[in-house]
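K.L.:
Pasting a predicted model and its sequence here:
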Amino acid sequence: MELRQLRYFLVVADELHFGRAAERLHITQPPLTVAVKRLEHELGVPLFDRTTRRVTLTPAGKAFREKIGAALDELDEAAGDVAEVAAGKSGKIRVGFVSSASYTTVPEAIRSFREQRPRVDLVLAPLTSGEQIEQLLDGELDLGLVRDPGPVPGLRLELLSTEDLVVVLPESHPLAAVEEVKPELLEGEPMILFPYRLMPGFVSRVLQLFGHLATPPVVAQQAIHQETVLGLVAAGLGVSVLPQSVQRFHMPGITTRPFAGRPQTELHVARGGDGSPAVEEFIACLKGGNAN
């Protein structure tokens, strides 16, 4: 049974006249008649009563028309949906992001993307860089916003933005009064950082700032989320080094100071390969532009 046969049947069922049906289909009548007879043979029942004066549907033909008409409508709708997904006009994209990106890049990109692609379901997941890389490689994310990732086999990385690193201190800390903090001033200080496994690039970037010291800061506490790091600093459990965008998160009990030499951290867009048009559009929104 061919899809063409079913469409031919529906047109004949609408017209109840093989000649008019053939004209609608832009074919001659003989192949139309053959196609309908073949369909009836495959089904094992007559679909039309034919006389020299008229064509009518049999009871089986009426039931078949109702079922096939609904099925072909669903098939046409599915084909349209697939085309829209392929064009990036509908569907779903899964995006991971580090918490610091939620203060800067992500909110405006979401607003812009929803204006451009209102029918695309945007699934957002706040995740560490390590978690995102695992899920990108497993195909569970379409793209991610990761910090200081370094080369990752199997992923495409594109620099999105850079920002200064700042020292985060309890308000009562003696260094809160200095203009900028040199690495030497943090010798032996208890430090609060992310677990290396979850943010390996960022943690390495921070620790290398103190690599020349005889007594580098000691990682006294680890926390997964940036907000938790800030809370531990506010509680006086240590100091931290975070992206400058943390200054937008107003938490009582902490202050930030510039780091001497203005070392920077990088935010990258990561993906497994060539993305769909919707993915490309979201990346364009992250950059402040439009893919179209």
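P.N.:
Everything's here; your move.
K.L.:
pLDDT score for L286?
P.N.:
Confidence at L286, expressed as pLDDT, is 91.
K.L.:
I'd like the distance between it and D49.
P.N.:
As for L286, its distance to D49 is 64 Å (criterion: C-beta to C-beta, to the nearest Å). Bear in mind the C-beta positions are built from the backbone N, C-alpha and C, glycine included.
K.L.:
Give the burial count for V123, as a bare number.
P.N.:
The number of residues packed near V123 is 12, by other C-beta atoms under 10 Å.
K.L.:
From L143, how far off is it?
P.N.:
V123 is 11 Å from L143, by C-beta to C-beta.
K.L.:
can you pull the pLDDT of I192?
P.N.:
pLDDT, read off for I192, is 96.
K.L.:
How about the secondary structure of it?
P.N.:
Secondary structure, DSSP: H, G, I helix; E, B strand; the rest coil: I192 is strand.
K.L.:
what sits against it?
P.N.:
For I192, the contacting residues are 219-223, 229, 232-233, 237-240, by C-beta atoms under 8 Å, 6 or more residues apart in numbering.
K.L.:
quick one: low-confidence parts of the chain?
P.N.:
Low-confidence segments of the chain (pLDDT under 70): 1, 77-90, 274, 289-292.
K.L.:
quick one, strands of it?
P.N.:
48-50, 55-57, 91-97, 120-126, 143-147, 156-170, 190-193, 218-222, 240-243, 254-258, 264-271 (DSSP state E).
K.L.:
what about those, which gets the closest to E40?
P.N.:
Of all the strands of the chain, strand 48-50 sits nearest to E40, with 7.8 Å by C-beta to C-beta.
K.L.:
Now render the strands of the chain as CSV, adding distance to A278.
P.N.:
Listed next are the strands of the chain as CSV, based on distance: least, C-beta to C-beta, whole Å:
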stretch, distance to A278
strand 48-50, 46
strand 55-57, 44
strand 91-97, 5
strand 120-126, 5
strand 143-147, 10
strand 156-170, 16
strand 190-193, 35
strand 218-222, 36
strand 240-243, 28
strand 254-258, 37
strand 264-271, 12
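K.L.:
could you measure P263 against D164, distance?
P.N.:
According to C-beta to C-beta, P263 and D164 sit 7 Å apart.
K.L.:
Ok, V206 next?
P.N.:
Relative to D164, V206 is positioned 13 Å away (C-beta to C-beta).
K.L.:
of these two, who's got more company?
P.N.:
More crowded of V206 and D164, by other C-beta under 10 Å: V206, with 23 against 14.
K.L.:
ok, what's across the strand from the most centrally placed residue in the chain?
P.N.:
Nearest residue to the geometric centre of the chain (C-alpha atoms, centre = their mean): R94, 2.8 Å. Per DSSP bridges, the residues bridged to R94 are V123.
K.L.:
isn't L124 right up against S99?
P.N.:
No: using C-beta atoms under 8 Å, L124 is not in contact with S99; the gap is 11.9 Å.
K.L.:
For those two, indicate the residue with more neighbours.
P.N.:
Neighbours per residue, other C-beta under 10 Å: of L124 and S99, the larger number sits with S99, 22 against 13.
K.L.:
gap between the residue lying closest to the more buried one once chain neighbours are set aside and G144?
P.N.:
In space, S99 comes closest to Q226 once its chain neighbours are excluded; the distance is 4.4 Å by C-beta to C-beta, 6 or more residues apart in numbering. Applying C-beta to C-beta, the value for Q226 to G144 is 16 Å.
K.L.:
all helices of the chain, in order?
P.N.:
Counting by DSSP state H, the chain has these helices, from start to end: 3-15, 18-25, 29-43, 59-86, 105-116, 129-137, 200-208, 226-234, 277-286.
K.L.:
Please state the offset of the first one from the chain centre?
P.N.:
In terms of C-alpha atoms, centre = their mean, to the nearest Å, the centre of helix 3-15 is found 42 Å from the chain centre.
K.L.:
Name the residues that touch it?
P.N.:
With contacts defined as C-beta under 8 Å, 6+ apart, helix 3-15 is touched by 18, 21, 24-25, 32, 35-36, 38-39, 47-48, 55, 57, 61, 64-65, 68-69, 72, 75.
K.L.:
Which positions in stretch 262-271 come out as buried?
P.N.:
The neighbour-count check on stretch 262-271 (16 or more other C-beta atoms under 10 Å) flags 265-271 as buried.
K.L.:
One more: stretch 29-49?
P.N.:
Buried, per 16+ other C-beta under 10 Å, within stretch 29-49: 32-33, 35-36, 39-40, 47-48.
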